[in-house]
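Novice: show me the folded form of this:
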Amino acid sequence: MTQVRATKRPAGPEPRLSRTAAAEPAVLRTRVTRKTIAPGPAKSGSTSRRGVPPARVRYGITQEEFADLTGMSKSVVSQIENNRKPAVTPGDRRRIREVERLCTEIAKIIRPAAVGAWLRSPNPRFHDSSPLEIIRRGEMDRVLRLAWHLQDNAGG
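Specialist: Now for the predicted structure:
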């Protein structure tokens, strides 16, 4: 986020101005400085533009994998992360929440940073397909069921 602040010029000799600037009244001649304000930490489950990178990075997922998981293109994920996309659509927001929910459930079993590696690894429960491949086929519910099953077995 950028904050713009206008300040008056210090007293002293007038700097050389172009003809257009010289014709303007002195009151309008101000120096504009830009101050960059770092955004605060995103809340857990945040689906704002600031929410994408923390979720993706926290779970060790690449932009391309995050794009596959959400059904968005890699360029849209990049635009959201770099605040170049004007707004996140409701559909994008819903898909991001679904992926965050899936990653949160998996992170209850393994370290959060290892979630991306787990999604990429072949799994015998999916006939040696990776969970990421299963999700690409539109079967995220199978991966969620496996995560819940593993949680139940780990707890008892």
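Novice: what does stretch 145-155 rub up against?
Specialist: 102, 105-106, 108-109, 123, 125-126, 131 (C-beta atoms under 8 Å, 6 or more residues apart in numbering). Glycine gets a C-beta too; all of them are placed from N, C-alpha and C.
Novice: so which of those residues is the most crowded?
Specialist: Comparing these by number of neighbours (other C-beta atoms under 10 Å), P131 comes first, having 26 neighbours.
Novice: so which of the contacts of stretch 145-155 sit within strands?
Specialist: When DSSP state E is applied, the contacts of stretch 145-155 are split such that none fall in strands.
Novice: select, from these, the two members most distant in space.
Specialist: Based on C-beta to C-beta, the longest span within those runs between K108 and F126 and measures 19.4 Å.
Novice: just the element for the nearest residue to R142 once chain neighbours are set aside, please.
Specialist: The spatial neighbour of R142 that comes closest, neighbours along the chain excluded (C-beta to C-beta, 6 or more residues apart in numbering), is I134 at 5.6 Å. Applying DSSP states H and E as the criterion places I134 in helix 131-136.
Novice: list the buried residues of the following helix or strand past that helix.
Specialist: Toward the C-terminal end, the helix or strand that comes next after helix 131-136 (DSSP H and E) is helix 140-155. For helix 140-155, a neighbour-count test (16 or more other C-beta atoms under 10 Å) marks 140, 143-144, 146-147, 150 as buried.
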